[in-house]
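Undergrad: Provide a 3D model corresponding to the input given below.
(chains A, B, C and D)
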Protein chains: 2
Amino acid sequence: MRDLPGRLLRLLSLLQSRREWSGRELADRLGVTERTVRRDVERLRALDYPVAGTTGTAGGYRLGSGTHLPPLQLDDDEAIAVAVSLVGAAGGGVSGMADSSMSALAKLEQVLPARLRPQLAAVGSAAEAIPRPGLPQVDPGVLAVLARCCRNHEIVAFDYAGRSREPTRRRVEPHQLLTLAWRWYLLAFDPDRDDWRTFRVDRISSAASVLHRFTPRVVDGPTYLVESLMSAQYQYSVEVTVEAAAAEVTSTFEGVVRGIVTPVGDSSCKVRFSADTPGMLLTQVAALAALGPLTVDHATPETAALISGVGERLARAFALGNDQADSEGDDTERE
Amino acid sequence: MRDLPGRLLRLLSLLQSRREWSGRELADRLGVTERTVRRDVERLRALDYPVAGTTGTAGGYRLGSGTHLPPLQLDDDEAIAVAVSLVGAAGGGVSGMADSSMSALAKLEQVLPARLRPQLAAVGSAAEAIPRPGLPQVDPGVLAVLARCCRNHEIVAFDYAGRSREPTRRRVEPHQLLTLAWRWYLLAFDPDRDDWRTFRVDRISSAASVLHRFTPRVVDGPTYLVESLMSAQYQYSVEVTVEAAAAEVTSTFEGVVRGIVTPVGDSSCKVRFSADTPGMLLTQVAALAALGPLTVDHATPETAALISGVGERLARAFALGNDQADSEGDDTERE
DNA sequence: CCCTTGCGGACACATCTTGTCCGCAAGGGA
DNA sequence: TCCCTTGCGGACAAGATGTGTCCGCAAGGG
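TA: Below is the predicted model:
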């Protein structure tokens, strides 16, 4: 029963920050039971806040729009989140971000309540992002157009430069922008091909709304993207069976979303890789080979030759190198 | 005692509507005693609302700034930068970030000039970050403390859990926070060891300023960090000579900062790797082996055995697998 | 048909809120 | 300087309220 008003404000803030919340989620976030959440929702409704609740499997709570919310304040965590996000985002992914985010941070600092100002200023001045050269750069303008079209359910047209193909003009129904590991993807339904597609935003150019609305379809964006990435059929692919438990194999790939794992019996499983370059394939297969003996199910002759060649090199080099082995370096320390 | 949350909202609304109110007036309006008004004011303050009270004959309550945020004068790029950063940062790296950044985004939207509001709202609602489970989580509170100490040149103390070692208490001169590829590092000078150190922030806990200032030293943070990471002496290390140009080798590692490359003649170079696990070593050596024949200069017997074993497996599997090779999959298309 | 989700009643118990005391500190005016 | 007004906050007892744990019901999706 602790701090009911504060909890109501937090609930309001939560409802405002996301489309839909289930009672369970809200209960967890607020640290109370679901029953109390229902009572809080009831209270908000009594205060004329239009909280809509829908039943069923896809049910949840959402906040109606157009309401005059009380002056919600950024709390400490949120201030830090802003600063940390802006600094971190300066590191890459979207072109021109470093300047924009730093100047935005400076302006935000001016406007924030005095109590939060030191937090923001400290993170802004003390932290620095190190840019990574290899990252594909996304045009913020394209991102903005795509976001607007997603929100308004407007069909969007753009040029898409597929892998080593000429750019083609596309007209799709955009549903969601997804970001995973600094890369941005557009999840869209392509009416021409009657199927879902994920587009890499850094390969999109000349995006513009065609000012024609569509009725949105239902899709689980994150799940679709992850599956799409895992099952992507890139130019080079390999399928192997490895003598290791499926769980062990999947845990090896945590965070590196590549490869479909299919269990075969208790102690072995099939894995299909796919990658843009044979080199990427190689490193993944090598990691897999560390888990247990493997047999090849499918591979193009080129990749097979490459991998077996590299395997031979490794075997020979490290078999001979054995006598020179030592274990220096334990005396020096790095954090 | 009826409906405390509602009364607090009414009080907030009253304070917003007029410059100054006396406790007596507020008590009458709200239908409670003055004592209760004082308690309510206290409550609002606990919720971070800056309610100022002045004593004396002309005393009364006023609502401070922070609730009347002047419209934020961001330009388009900056607005998008804020939205994109906050969404992207929800994906990982700092614990509790997803909630904080989304609610911060919603609140910031309210104080933006009307022209920019759709931009922010569109990105906020259309974009979603997919969290990555493998990432180490940084405590935002620790980040805030470190940032403050960097800024104020205050010596900071914390517990540091090194790799597979017991946490040790450190006292260092913090200089900069650096972020690279979702990971946060603290660059600091360690007076005890009389040298610079980089600490991974996710391994830092119980950070607190010791309230003692130091005179900052000069250092190029980003350069130092990159060099530090590249030359880090982790538990497992390997040194090989590969017959490939140094430039070719370094370009292979763009974005993945590991390994020191030393040219040896025109067409070969020495590379030293270091990693936390033999498996990580393996994948990097494998990628290197794709570039050309290599010889081993240093390796512990264990890693050498692992790598040669895996090499043998790869060579055998993909040599036999050759006849089953085919090139399916060109007919299906993925973007 | 089943499962999930939201909705709301009942009840016991812990907890908080309120009003009423009290004294203290700070500012302004006589 | 004195006095009044104003905000501030501690203590306390009585009463109201919030909470968790039950329960069953309705609605939506697979």
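Undergrad: beta partners of the nearest residue to residue A:281 once chain neighbours are set aside?
TA: Spatial nearest neighbour of residue A:281, chain neighbours left out: residue A:275 (4.6 Å); criterion: Cβ to Cβ, 6 or more residues apart in numbering or on different chains. Where C-beta positions appear, they are placed from N, C-alpha and C, glycine not excepted. Beta-bridge partners for residue A:275, by DSSP bridges, are residue A:236.
Undergrad: looking at it, residue A:275 is touching residue A:300, isn't it?
TA: No - with contact defined as Cβ atoms under 8 Å, residue A:275 does not reach residue A:300; the gap is 12.0 Å.
Undergrad: separation between residue A:238 and DNA strand C?
TA: 38 Å (Cβ to the nearest atom of the strand, to the nearest Å).
Undergrad: immediately after the helix or strand where that residue lies, which helix or strand?
TA: For residue A:238, the element it lies in under DSSP states H and E is strand A:236-242. Toward the C-terminus, strand A:236-242 is succeeded by helix A:246-252 as the next helix or strand (DSSP H and E).
Undergrad: helices or strands next to that next one in the packing?
TA: With contacts defined as 3 or more Cβ pairs under 8 Å, 6 or more residues apart in numbering or on different chains; DSSP states H and E, helix A:246-252 has these neighbours: strand A:260-264, strand A:268-275, helix A:278-289.
Undergrad: Export only the CA atoms of the longest helix seen in chain A, formatted as CSV.
TA: Counting by DSSP state H, the longest helix found in chain A is helix A:301-320. Included here for helix A:301-320 are C-alpha records, laid out as CSV according to Å, rounded to 0.1, in the frame of the first residue of the first chain:
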residue,chain,number,x,y,z
PRO,A,301,31.9,-27.0,-53.6
GLU,A,302,33.6,-23.6,-53.1
THR,A,303,32.7,-23.2,-49.5
ALA,A,304,33.5,-26.8,-48.8
ALA,A,305,36.9,-26.4,-50.4
LEU,A,306,37.6,-23.3,-48.5
ILE,A,307,36.6,-24.7,-45.1
SER,A,308,38.5,-28.0,-45.6
GLY,A,309,41.5,-26.0,-46.8
VAL,A,310,41.4,-23.8,-43.7
GLY,A,311,40.8,-26.8,-41.5
GLU,A,312,43.9,-28.5,-42.9
ARG,A,313,46.0,-25.3,-42.3
LEU,A,314,44.8,-25.1,-38.8
ALA,A,315,45.4,-28.7,-38.0
ARG,A,316,48.9,-28.6,-39.5
ALA,A,317,50.0,-25.3,-38.0
PHE,A,318,48.9,-26.1,-34.5
ALA,A,319,50.0,-29.7,-34.5
LEU,A,320,53.5,-28.5,-35.4
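Undergrad: Would you tell me whether that helix gets close to chain B?
TA: Yes - Helix A:301-320 reaches chain B (Cβ under 8 Å from any Cβ of the partner chain) through A:301, A:304-320.
Undergrad: ok, back up a step: would you list the helices and strands packed on helix A:246-252 in CSV and tack on mean pLDDT and mean neighbour count?
TA: Output for those, formatted as CSV (pLDDT from 0 to 100; neighbours: other Cβ atoms under 10 Å in any protein chain shown):
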stretch, mean pLDDT, mean neighbour count
strand A:260-264, 76, 14
strand A:268-275, 80, 22
helix A:278-289, 79, 23
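Undergrad: related to what we said a few turns ago, common neighbours of residue A:275 and residue A:300, please.
TA: Both residue A:275 and residue A:300 are in contact with A:236-237, where contact means Cβ atoms under 8 Å, 6 or more residues apart in numbering or on different chains.
Undergrad: The helix or strand hosting residue A:5 and DNA strand C, any residue contact?
TA: Per DSSP H and E: residue A:5 is located in helix A:4-17. Yes - contact of helix A:4-17 with DNA strand C (Cβ under 7 Å from any atom of the strand) involves residue A:4.
Undergrad: ok, and does that helix reach over to chain B?
TA: Yes - against chain B, helix A:4-17 shows contacts by Cβ under 8 Å from any Cβ at A:4-6, A:8-9, A:13-14, A:16-17.
Undergrad: Kindly state the beta-bridge partners for residue A:52.
TA: Bridge pairing for residue A:52 - DSSP bridges - gives residue A:62.
Undergrad: Per-residue pLDDT of whatever residue of the stretch 1-150 of chain A ends up closest to DNA strand C, please?
TA: Nearest to DNA strand C, among the residues of the stretch 1-150 of chain A, is residue A:53, at 2.6 Å (Cβ to the nearest atom of the strand). As predicted, residue A:53 sits at a pLDDT of 84.
Undergrad: Please apply the same query to the one 4 residues further on.
TA: Looking at residue A:57, its pLDDT reads 79.
Undergrad: farthest pair in the residues of helix A:4-17 next to chain B?
TA: Within the residues of helix A:4-17 next to chain B, two members stand farthest from each other by Cβ to Cβ: A:4 and A:17, at 20.2 Å.
Undergrad: Neighbour count for these two, which is higher?
TA: residue A:17 (23 against 16; other Cβ atoms under 10 Å in any protein chain shown).
Undergrad: State whether the more buried one and residue B:105 are indeed in contact, as I suppose.
TA: Yes - under the criterion of Cβ under 8 Å, residue A:17 makes contact with residue B:105 at 6.9 Å.
Undergrad: which residues does the closest residue to residue A:215 other than its chain neighbours contact?
TA: Taking Cβ to Cβ, 6+ apart, and ignoring the residues beside it in sequence, residue A:215 has residue A:153 as its nearest neighbour in space, at 7.2 Å. Going by Cβ under 8 Å, 6+ apart, residue A:153 touches A:173, A:213-216.
Undergrad: what does residue A:194 give?
TA: So residue A:194 contacts nothing (Cβ under 8 Å, 6+ apart).
Undergrad: is it true that residue A:207 touches residue A:145?
TA: Yes - Residue A:207 sits in contact with residue A:145 when judged by Cβ under 8 Å, with a separation of 4.5 Å.
Undergrad: For those two, list the residues in contact with both.
TA: residue A:156.
Undergrad: Now do the strand holding residue A:238: distance to the chain's middle.
TA: 25 Å (Cα atoms, centre = their mean, to the nearest Å).
Undergrad: hmm, who's touching it?
TA: A:249, A:264, A:268-278, A:280-281, A:285, A:288-289, A:291-300, A:303, A:307, B:317, B:329.
Undergrad: What separation do you get for the closest residue to residue A:116 other than its chain neighbours and residue A:85?
TA: In this structure, residue A:116 finds its nearest non-sequential neighbour in residue A:79, 4.3 Å apart by Cβ to Cβ, 6+ apart. Residue A:79 sits 11 Å away from residue A:85, going by Cβ to Cβ, to the nearest Å.
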